[in-house]
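Peer 1: fold the stuff below for me.
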Amino acid sequence: MELHITGDPAADKLLSDDAFALLTGMLLDQQVTMESAFAGPEKIRTRIGSMDPAAIAAYDPQEFVEMFKERPAVHRFPGSMAGRVQSLAGTVQKDWNGDATAIWTQGDPDGPEVLRRLKALPGFGEQKAKIFLALLGKQCGLQAEGWREAAGHYGQENAFLSVADIVDPESLSKVRASKQTAKAAAKAAKTAGS
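Peer 2: Alright, predicted model coming up:
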């Protein structure tokens, strides 16, 4: 598996090699660009020397927030997102023995079970869990039965709806365009309803 999400070779390599880094990138993917969100784990690793869930969970919370604030910032909301990353790390450490891949491999789960496990993680709602499930299935070799159906429209082939569909600059452009279309439609619906 070789992901191409951020445009930064070091950040993409970390996402490709480290399941917890990829999970953290997905967590950070809100209210910032996808590239910035998924580059966050490389910033964390560079600054504290690790993406190990145990190390992150045990890190002093105030120092972790300060590290998030260093320029370039890990996220535009350093306080809340640093807390969420530490909470995610703690959950992966406690519930999955520090192995993020266990979330989608332990006990050979089917797609709906992987989705349920993802939704149980701190900071992962329905949509984020479905997008991450689609990313696992489309780019990370997940073979869980029924993953496409569980991922909803994000699981469709050639959908270009989310980070799950980004494999090169062209697909990134298509995902951006579909997100802009969806935002415009949501805004128009909101305006029509008021």
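Peer 1: in this structure, which spans are helices?
Peer 2: Counting by DSSP state H, residue ranges of the helices within the chain are 9-17, 19-28, 34-48, 53-58, 61-69, 78-96, 102-105, 111-119, 126-139, 147-150, 169-193.
Peer 1: residues contacting the third one, please?
Peer 2: Just to be clear, that refers to helix 34-48. Here helix 34-48 makes contact (CB atoms under 8 Å, 6 or more residues apart in numbering) with 5-8, 10-11, 14-15, 18, 21-22, 24-26, 28-30, 51, 55-56, 59, 64, 67, 70, 72, 74-75, 85, 163, 166, 172, 175. Any C-beta I mention is one placed from the backbone N, CA and C, and that applies to glycine too.
Peer 1: with the longest one instead?
Peer 2: Under the contact criterion CB under 8 Å, 6+ apart, helix 169-193 has outside partners Met34, Ala159, Phe160, Leu161, Ser162, Val163, Asp165, Ile166.
Peer 1: give me the neighbour count for the fourth one.
Peer 2: It stands for Leu161. Using other CB atoms under 10 Å, Leu161 has 19 other residues around it.
Peer 1: just to revisit the earlier point, any of the contacts of helix 34-48 buried? List them.
Peer 2: When burial is judged by neighbour count using 16 or more other CB atoms under 10 Å, the buried members of the contacts of helix 34-48 are 5-6, 11, 14-15, 18, 21-22, 24-26, 28-30, 51, 56, 59, 64, 67, 74-75, 85, 163, 166, 172, 175.
Peer 1: list the contacts of the closest residue in space to Glu42 that isn't next to it in sequence.
Peer 2: Using CB to CB, 6 or more residues apart in numbering and skipping the chain neighbours, the partner closest in space to Glu42 is Ala11 (3.8 Å). Contact partners of Ala11, counting by CB under 8 Å, 6+ apart, are Ile5, Phe38, Ala39, Pro41, Glu42.
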